[in-house]
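1. give me the fold of what follows.
(one chain, ligands or ions: 1)
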Amino acid sequence: IARKLMIKLGVNIDHVATIRQARRACEPDPVWAAAEAELAGADGITIHLREDRRHIQDRDAQLLRQSVRTRLNLEMAVAEPVVKIAEKLLPDMATLVPERREEVTTEGGLDVKGNRKRLAEVVSRLHRKKIAVSLFIDPDPDQVKTAADLGVEFIELHTGCFANAWGKEKACERETRLLHRMAELAVSLGMRVNAGHGITYWNVRELITLPGIEEFNIGHSIISRAVFVGLRQAVRDMQVAIREAELQCRGAK
Ligand code: PXP
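-> Next up, the predicted model:
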């Protein structure tokens, strides 16, 4: 499988809204964050409109829809009120994710197999609005195959287990191999592949060679660095990390 050059970077700005909501204040504004990220070369902006509205608010989603100049990726659960919002908001892409109120962040991938009926309905409603759909799934063959059956354009491979295994040689190798196999399977079934969760400036280089990988969605690591160097620099640094790893990988061939 030919690897697409220039892997894209989607910047998840939820954490900016988390800081704002800690005070229920109006700053820092995720709309500013999106503009900064785009000025630094982000290829897309990702937000998760959670049912409990713990970070991104409806107002953010609406303003971002108007202001984002790259692509707006809306992460969302398949709960009816959020689906209705997505149908009106018209993001460029909707990434369907599981959601549990008590979780700190999205913990696992979608159970595509177990929720097939509801997912099929939501996917077709989003497609009717010309919104590209991605399913956030664990690297599991049954989930990948079911995603393909549902006719989605993209999967986003959950890289959380890989990220947790980082630094433990054997475990990390195992998780990386699994991600490779699942990316390959997805491409062979006609889907496009993104990846996200727990990706950092350090571990991203291991994911560069994922078959068909098109985009990384990264939040925590970038916003953490932004606290010290500013968001524009933090986004640039991640783009550099990706480009350098790509060049190394090409040079090694
Ligand atoms: N992709 C999905 C589907 C997510 O839910 C998240 C976390 O909000 C991310 C990517 C980004 O993960 P992280 O913040 O660990 O970079």
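2. ok, which stretches of the stretch 51-200 of the chain are strands?
-> 72-76, 93-96, 132-137, 154-158, 192-196 (DSSP state E, counting those that start in this stretch).
3. mean confidence score for the helix or strand encompassing Glu214?
-> Element membership of Glu214, judged by DSSP states H and E, is strand 213-218. Mean pLDDT, computed over strand 213-218, is 98.
4. can you lay out the strands of the stretch 51-200 of the chain as a markdown table showing mean pLDDT, distance to Cys26 and mean neighbour count?
-> The C-beta positions use only the backbone N, C-alpha and C, and glycine is treated the same way. A markdown table is the format used below for those (pLDDT from 0 to 100; distance: least, C-beta to C-beta, whole Å; neighbours: other C-beta atoms under 10 Å):
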| stretch | mean pLDDT | distance to Cys26 | mean neighbour count |
| --- | --- | --- | --- |
| strand 72-76 | 98 | 21 | 26 |
| strand 93-96 | 98 | 27 | 27 |
| strand 132-137 | 98 | 30 | 24 |
| strand 154-158 | 98 | 31 | 27 |
| strand 192-196 | 98 | 28 | 25 |
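5. pipe the ones you listed into a markdown table and attach distance to Thr209 per row.
-> Formatted as a markdown table, the strands of the stretch 51-200 of the chain follow (distance: least, C-beta to C-beta, whole Å):
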| stretch | distance to Thr209 |
| --- | --- |
| strand 72-76 | 23 |
| strand 93-96 | 23 |
| strand 132-137 | 20 |
| strand 154-158 | 13 |
| strand 192-196 | 12 |
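6. tabulate those (CSV), appending distance to the ligand.
-> As requested, the strands of the stretch 51-200 of the chain are arranged in CSV below (distance: least, C-beta to the nearest ligand atom, whole Å):
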stretch, distance to the ligand
strand 72-76, 5
strand 93-96, 6
strand 132-137, 4
strand 154-158, 6
strand 192-196, 3
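7. residues touching the residue lying closest to Pro91 once chain neighbours are set aside, list them.
-> Spatial nearest neighbour of Pro91, excluding adjacent residues (C-beta to C-beta, 6 or more residues apart in numbering): Leu74 at 3.8 Å. Leu74 makes contacts with Thr46, Ile47, His48, Leu49, Ala61, Ala86, Leu89, Pro91, Met93, Ala94, Thr95, as judged by C-beta atoms under 8 Å, 6 or more residues apart in numbering.
8. measure stretch 203-214 end to end?
-> Start-to-end span of stretch 203-214 (C-alpha to C-alpha, to the nearest Å) is 17 Å.
9. next one: stretch 215-231
-> 19 Å.
10. buried residues in the host helix or strand of Val227?
-> If you go by DSSP H and E, Val227 is part of helix 220-229. Buried positions in helix 220-229, judged by neighbour count with 16 or more other C-beta atoms under 10 Å: His220, Ser221, Ile222, Ile223, Arg225, Ala226.
11. how far is that helix from where the chain is centred?
-> Centroid displacement of helix 220-229 relative to its chain, using C-alpha atoms, centre = their mean, to the nearest Å, is 17 Å.
12. list the helices and strands the next helix-or-strand element following that helix packs on?
-> Counting by DSSP H and E, the next helix or strand C-terminal to helix 220-229 is helix 231-251. With contacts defined as 3 or more C-beta pairs under 8 Å, 6 or more residues apart in numbering; DSSP states H and E, helix 231-251 has these neighbours: strand 8-12, helix 30-39, helix 220-229.
13. orientation of helix 231-251 relative to strand 8-12 in degrees?
-> Angle, helix 231-251 to strand 8-12, by axes from the mean of the first three to the mean of the last three C-alpha atoms, to 10 degrees: 150 degrees.
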